[in-house]
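Colleague: got a sequence here, can you model it:
(one chain, ligands or ions: 2)
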Amino acid sequence: MIQTVRGTRDILPDDMPLWHRVEAVAREAFRRYGFREIRTPIFEKTELFARGVGEATDIVHKEMYTFTDRARVDSIQSGGESLTLRPENTASVVRAYIQHKMFADKSPGELTKLYYIGQMFRRERPQAGRYRQFYQIGVEVMGSSDDPAIEAEVIEMLDWFLKELKITNTTLLINSVGEPASRAVYLETLREAIRPKLDQLCTDCHHRFETNALRVFDCKNESCQTVIKDLPTITDSLDEASRQHFEQFKAHLDARGIAYTVNPRMVRGLDYYTRTAFEIVGHDGLGAQNTLVGGGRYDGLSETIGGPPTKGFGFAFGLDRMVMALPESEAEQLRAADAPDVFIVFLGKTARAHSFTVAQQLRAAGVAVAMEFEDRKMKKAMAAADKARASFALIIGDNEVASGTYGLKNLKTGEQESLTLDEIISKFGSVPGAVATG
Ligand code: ATP
Ligand code: MG
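Modeller: Ligands and ions are numbered 1, 2, ... in the order given. The predicted model follows:
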């Protein structure tokens, strides 16, 4: 028996209503806040992530699915290109922004606001809430403005999104990681502070110390955390402009009534972040993998991958984890709503043939109809309707075919009415679940 690859999984039909709900609420949030969707390829040139995400990150250093594309047989060059399954999507979206010159026809201050939904790939140790193929929904705001109000508005959108999903037990963590120049000075201070304690740090942290010491803060190792809690933070050595930017950002959050906690040790996993970084941490049913949303400002990223100077701010959340964070009562309701409106119960050959027409007409009118094809006794057929979790059973026998009125039985209340097809169709116009079209 061939099974799924380690760290990947099937999302089964029982869970799909939960995924659809999170996606639908996200799309509604994006519509209200003026974001438009973009879809980029699932694989890109390795160089995009190596440069865009940064060589010093865990992602590039040890988590990417990279392969050499097959060489063209008629090519004089030997060997194909190095390609990578996308581990995240910000670098790809910024690449698309540059490639399609989305900045070209913009008036000063005009922003490009994009969102994406799709799978990402990272070769991590699989755990609950941590997979090798997982899904992210994210947004990117790009343009010439780095107004902290942009950041607060994006967080306000997330706040609405979480409330709409009834995910209430979360904490917004914020920090500023400063500008590259002030960070360079701080990094020296940090390295000096780490050096005498290097022997207490894990091998990954040794690598981080060599390549980008800030990444040490990301370590999830407990023994490293005891060292980390005494290290000087970047927040203490912020440049004046970044400090002011951070103060304004907080004031914008305050004005929107959004609660937050400043966490000077939260630096986020990507090299390209400047100034504002944030996380939203959940508490219910998530275990150790409780970071729902991660985001921040990435003003230098466009230039890093060959584009014009561009300011950028965005976030990504893990769809897998967001689904896990849905309250159980919501999940139950969503699953229950994912059922047929009507299950057709027919009795006898003539009724069976007639049922096909009835089903066709109901479906054409927007009603979700289930029917099975086997001619069964009433009791068995009703059991099948229950099993399908249908709201109603539509009973069709020889008498019903002759009279043109059908028995419509509410399977929750047990009430039964005799109705014509038109009456049934107009009834479903007002039943939740039956979608009106046209
Ligand atoms: P973590 O600290 O949990 O490893 P990260 O800093 O690597 O997260 P980001 O790269 O910022 O995460 O991605 C944003 C979000 O995507 C995370 O907050 C999380 O919800 C989700 N995510 C990241 N990696 C995975 C994964 N392997 N499986 C499932 N979800 C993930
Ligand atoms: Mg990670």
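Colleague: how close does residue 222 get to residue 202?
Modeller: 10 Å (C-beta to C-beta, to the nearest Å). C-beta: built from backbone N, CA, C; applies to glycine.
Colleague: again, but for residue 183
Modeller: Taken as C-beta to C-beta, the span from residue 183 to residue 202 is 23 Å.
Colleague: ok, residue 222 and residue 202, which is more surrounded?
Modeller: Using other C-beta atoms under 10 Å as the criterion, residue 222 and residue 202 rank with residue 202 on top: 14 against 7.
Colleague: so what's the more buried one up against?
Modeller: Taking C-beta atoms under 8 Å, 6 or more residues apart in numbering, we find residue 202 in contact with 219, 221, 223, 224.
Colleague: can you select the buried ones from the residues you listed in PyMOL?
Modeller: Applying 16 or more other C-beta atoms under 10 Å to these, the buried members can be selected in PyMOL as follows:
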select buried, resi 219+224
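Colleague: now for the contacts of residue 202: which two are most distant?
Modeller: 219 and 223 (9.2 Å; C-beta to C-beta).
Colleague: list the residues that contact both of the two?
Modeller: 201, 202.
Colleague: hang on, isn't residue 228 packed against residue 216?
Modeller: Yes: contact between residue 228 and residue 216 holds when scored by C-beta atoms under 8 Å: they sit 6.4 Å apart.
Colleague: who has more neighbours, these two?
Modeller: Counted by other C-beta under 10 Å, residue 228 and residue 216 do not tie: residue 216 has more neighbours, with 24 against 19.
Colleague: pretty sure the more buried one contacts residue 207?
Modeller: No: Residue 216 is not in contact with residue 207 according to C-beta under 8 Å; the separation is 9.9 Å.
Colleague: roughly how far apart are the nearest residue to residue 21 once chain neighbours are set aside and ligand 1?
Modeller: Spatial nearest neighbour of residue 21, chain neighbours left out: residue 334 (5.3 Å); criterion: C-beta to C-beta, 6 or more residues apart in numbering. Per C-beta to the nearest ligand atom, to the nearest Å, residue 334 is found 20 Å from ligand 1.
Colleague: got the phi and psi for residue 407?
Modeller: For residue 407, the backbone dihedrals are phi -80, psi 120 (criterion: degrees, to the nearest 10).
Colleague: that one: what's it in contact with?
Modeller: By C-beta under 8 Å, 6+ apart, the neighbours of residue 407 are 393, 394, 395, 396, 400, 416, 417, 418.
Colleague: tell me the pLDDT of the fourth one.
Modeller: Listed pLDDT for residue 396 reads 96.
Colleague: what about it, neighbour count?
Modeller: Close neighbours of residue 396, defined as other C-beta under 10 Å, add up to 23.
Colleague: cool, the third one as well?
Modeller: Other residues near residue 395 come to 22 when the count uses other C-beta under 10 Å.
Colleague: same question for the first one.
Modeller: A count of neighbours around residue 393, defined by other C-beta under 10 Å, yields 24.
Colleague: got it, and the last one?
Modeller: Other residues near residue 418 number 12, with proximity taken as other C-beta under 10 Å.
Colleague: flag the shaky bits of the stretch 1-150 of the chain, pLDDT-wise.
Modeller: For the stretch 1-150 of the chain, the stretches with pLDDT under 70 are 72-79.
Colleague: got the residues of it near ligand 1?
Modeller: Neighbours of ligand 1 within the stretch 1-150 of the chain, by C-beta under 6 Å from any ligand atom: 88, 122, 124, 129, 130, 131, 134, 136.
Colleague: what's the closest non-adjacent residue to residue 340?
Modeller: residue 370 (3.9 Å).
Colleague: residue 424 now?
Modeller: Using C-beta to C-beta, 6+ apart and skipping the chain neighbours, the partner closest in space to residue 424 is residue 408 (6.0 Å).
Colleague: can you get me a residue count around the residue of the stretch 201-350 of the chain found nearest ligand 1?
Modeller: In the stretch 201-350 of the chain, the residue that lies nearest ligand 1 is residue 318 (2.5 Å; C-beta to the nearest ligand atom). Residue 318 is flanked by 24 other residues according to other C-beta under 10 Å.
Colleague: please read off the pLDDT at it from the model.
Modeller: pLDDT recorded at residue 318 is 97.
Colleague: so how far is residue 33 from it?
Modeller: Using C-beta to C-beta, one gets 20 Å for the distance from residue 318 to residue 33.
Colleague: in the stretch 1-150 of the chain, which spans are strands?
Modeller: 36-37, 43-45, 65-68, 82-85, 112-121, 133-143 (DSSP state E, counting those that start in this stretch).
Colleague: I meant to write the stretch 201-350 of the chain there.
Modeller: Going by DSSP E, counting those that start in this stretch, the stretch 201-350 of the chain shows strands at 261-262, 274-282, 291-297, 311-318, 342-346.
Colleague: highest mean neighbour count out of those strands?
Modeller: Looking across the strands of the stretch 201-350 of the chain with neighbours counted as mean count of other C-beta atoms under 10 Å, the highest average goes to strand 342-346: a mean of 27.
Colleague: show me the contact partners of stretch 296-309.
Modeller: For stretch 296-309, the surrounding residues in contact (C-beta under 8 Å, 6+ apart) are 48, 51-52, 90-91, 94-95, 97-98, 103, 142, 146, 151, 177, 180, 268, 270, 272-278, 310-315.
Colleague: do the same with stretch 50-63
Modeller: 49, 87-88, 90-91, 94-95, 122-124, 204, 207-208, 211-212, 215, 218, 269-272, 301, 304-305.
Colleague: now the residue nearest to residue 424: which helix or strand?
Modeller: According to DSSP states H and E, residue 408 maps onto strand 405-410.
Colleague: ok, that strand: who's next to it in the sheet?
Modeller: Applying DSSP bridges to the sheet, strand 405-410 is found paired with strand 392-396 (antiparallel), strand 416-420 (antiparallel).
Colleague: buried set for that strand?
Modeller: Buried positions in strand 405-410, judged by neighbour count with 16+ other C-beta under 10 Å: 406, 407, 408, 409.
Colleague: residue 139 and ligand 1, how far apart?
Modeller: Look at residue 139 and ligand 1: by C-beta to the nearest ligand atom, they are 12 Å apart.
Colleague: wait, that residue sits on residue 315?
Modeller: Yes: between residue 139 and residue 315 there is a contact at 6.3 Å, judged by C-beta under 8 Å.
Colleague: so what's in contact with those two at the same time?
Modeller: Common neighbours of residue 139 and residue 315 (C-beta under 8 Å, 6+ apart) are residue 154.
Colleague: coming back round to it: any residues in contact with both of residue 222 and residue 202?
Modeller: By C-beta under 8 Å, 6+ apart, no residue touches both residue 222 and residue 202.
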